[in-house]
Structure formats: C-alpha cells, structure tokens
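Novice: dropping a prediction and its sequence here:
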Amino acid sequence: MKLKVRSSVSYSCGCEPCTLVFNVEAAQLAAQTLTSEVFSVTPGIAVEAFAPDSLGNRFTRCHLPGGGDFRMTYKATLETSHETADPASLAEIPPAERPPSVLPYTSPSRYCESDQLT
C-alpha cells in the first residue's frame, strides 16, 4: 500500500528561547519503506535528529532563539506491507493475560486512538 503523509505546525515564540521536540516523521519499520521524505523548518535553524527508539519512532529537536514565528513541515511517501487478519478469527485477550510486549500498543497514539475504542 502506498501512503502519502503531511504534517505542519506553526508557533509564535515569545521573547524567551524555547526547545521543541517533534515526533512526526514516519517510523523506521521493516514493513515499510520510505520512498521520499522532507522535513523543513522556517526560519532555517539547526535541528537535531535522534536515532529511532525500540519501536522505530523518530524524534527531531529544534532550539528556538525566541521572539518570532516558527513553522515545521514534514512530507513523506512510503510503501507498507503489513500483515492483516480476519477480525472474526481473532480472540480477545483479557488485559491481565496480555504479554508485556504488547502493552505499549494498547495506549493511544497518533495512529490509533485506542482510548476511543469500545
């Protein structure tokens, strides 16, 4: 499946310097390949990219000097090949019986608002 994603945010910074940490870039996963990607900030300030965490998440930190406007834009195109299953064939597992390795995936995220599921 081919996906195109885009995210942008704008901030107006007061007089004090501040630091922003973004987690908007596509995760680095075995089941997806980035075919194009652009991360940009205006004004052109230095950004620091962090290596992916154990879940493939990527972070970028920006230090703003203060007293101005800031805009971050991220665009990417990626190919995914995730496994799917027939929902009728899946059994519910009570929380007390779930393996610890799946617990991080039961929290809300930008991909799945699990607190909204019923």
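Specialist: Looks like it arrived, so ask away.

Novice: switch to C-alpha atoms for all contacts and neighbour counts from now on
Specialist: Fine.

Novice: for the one residue sitting closest to the centre of the chain, phi and psi?
Specialist: Centroid-nearest residue in the chain: residue 24, 3.9 Å away (criterion: C-alpha atoms, centre = their mean). Residue 24 adopts backbone torsions of phi -120, psi -10, taken as degrees, to the nearest 10.

Novice: where does this protein dip in pLDDT?
Specialist: Residue ranges of the chain with pLDDT under 70: 110-118.

Novice: and with 50 instead?
Specialist: By pLDDT under 50, the chain contains no weakly predicted segment.

Novice: who touches residue 58 in this structure?
Specialist: By C-alpha atoms under 8 Å, 6 or more residues apart in numbering, residue 58 lies in contact with 23-28, 49-52.

Novice: which of those residues fall within strands?
Specialist: Secondary structure assignment by DSSP state E places 49-50 of the contacts of residue 58 in strands.

Novice: mind putting the contacts of residue 58 into JSON lines with distance to residue 81?
Specialist: What follows is these, written out as JSON lines (distance: C-alpha to C-alpha, whole Å):
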{"residue": "23", "distance to residue 81": "22"}
{"residue": "24", "distance to residue 81": "20"}
{"residue": "25", "distance to residue 81": "18"}
{"residue": "26", "distance to residue 81": "14"}
{"residue": "27", "distance to residue 81": "14"}
{"residue": "28", "distance to residue 81": "13"}
{"residue": "49", "distance to residue 81": "26"}
{"residue": "50", "distance to residue 81": "25"}
{"residue": "51", "distance to residue 81": "23"}
{"residue": "52", "distance to residue 81": "20"}
